[in-house]
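Novice: Got a sequence here, can you build the structure:
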Amino acid sequence: QVQLVESGGGLVPPGGSLRLSCSASGSIFRIGFMRWYQQTPGNQRELVAQISASNTTNYADSVKGRFTVSRANAKNTVYLQMNSLKPDDTAVYYCNADAMTTTDYRVVTYWGKGTLVTVSA
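Specialist: Predicted coordinates:
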C-alpha cells in the first residue's frame, strides 16, 4: 500500500502565496503521474495540475501562470506552489499518485486526505 499525506494548507489573504506538499510512503516501487485536485462543498474534485515522472506538467486554465507543480522523485514528494491566490481558490486540495508497489506491480491510483486552503481577508 501507498500512503499520501498533504501539508501546507491554511488561511492566506488574497494575493498571497502558499506551498502545498504531498509525500508518499509505503512499499513503493515506482510512481508515475502525481496530481493536485481541488474540491469545494457540493462540487466534484477538479484537476488543478499534474506532473509526470519526467516532469511534464499540465495545468487547469484557471491556475495557469499562478500555480506551479513540481516533484522531488528521491523524496516521493510533489509540491504545488500557489501564488496570487484568489478567494475562488478556496478549497480542499487533494493529491493523488499513480503508483506500483513492491508487492503488486499493477498501477493503482492512491489519494491523500486533503488539506484546506482558505483565501480570505
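Novice: what's the helix or strand for the residue most central in space within the chain?
Specialist: Compute the mean C-alpha point of the chain, and by Cα atoms, centre = their mean the closest residue is residue 36, 3.0 Å away. Assigned by DSSP states H and E, residue 36 falls within strand 28-39.
Novice: could you turn that strand into PDB, dropping everything but the C-alphas?
Specialist: Provided in PDB are the C-alpha atoms of strand 28-39 (Å, rounded to 0.1, in the frame of the first residue of the first chain):
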ATOM      1  CA  ILE A  28       6.700   2.000  -3.300                       C
ATOM      2  CA  PHE A  29       8.300   0.500  -6.400                       C
ATOM      3  CA  ARG A  30       7.600   3.400  -8.800                       C
ATOM      4  CA  ILE A  31       5.400   6.500  -9.000                       C
ATOM      5  CA  GLY A  32       4.200   7.800 -12.300                       C
ATOM      6  CA  PHE A  33       1.900  10.800 -12.600                       C
ATOM      7  CA  MET A  34       1.200  12.900  -9.500                       C
ATOM      8  CA  ARG A  35      -1.700  15.300  -9.400                       C
ATOM      9  CA  TRP A  36      -3.400  18.000  -7.400                       C
ATOM     10  CA  TYR A  37      -7.100  18.400  -7.300                       C
ATOM     11  CA  GLN A  38      -9.400  21.000  -5.600                       C
ATOM     12  CA  GLN A  39     -12.800  20.400  -4.200                       C
END
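Novice: Can you spell out which helices and strands pack onto that strand?
Specialist: Using 3 or more Cβ pairs under 8 Å, 6 or more residues apart in numbering; DSSP states H and E, the elements in contact with strand 28-39 are strand 18-26, strand 46-51, strand 67-72, strand 77-82, strand 91-101. C-beta here means a position set from N, CA and C on the backbone, and glycine is covered the same way.
Novice: which residues sit against stretch 103-114?
Specialist: 1-6, 22, 24, 27, 29, 32, 39, 92-101 (Cβ atoms under 8 Å, 6 or more residues apart in numbering).
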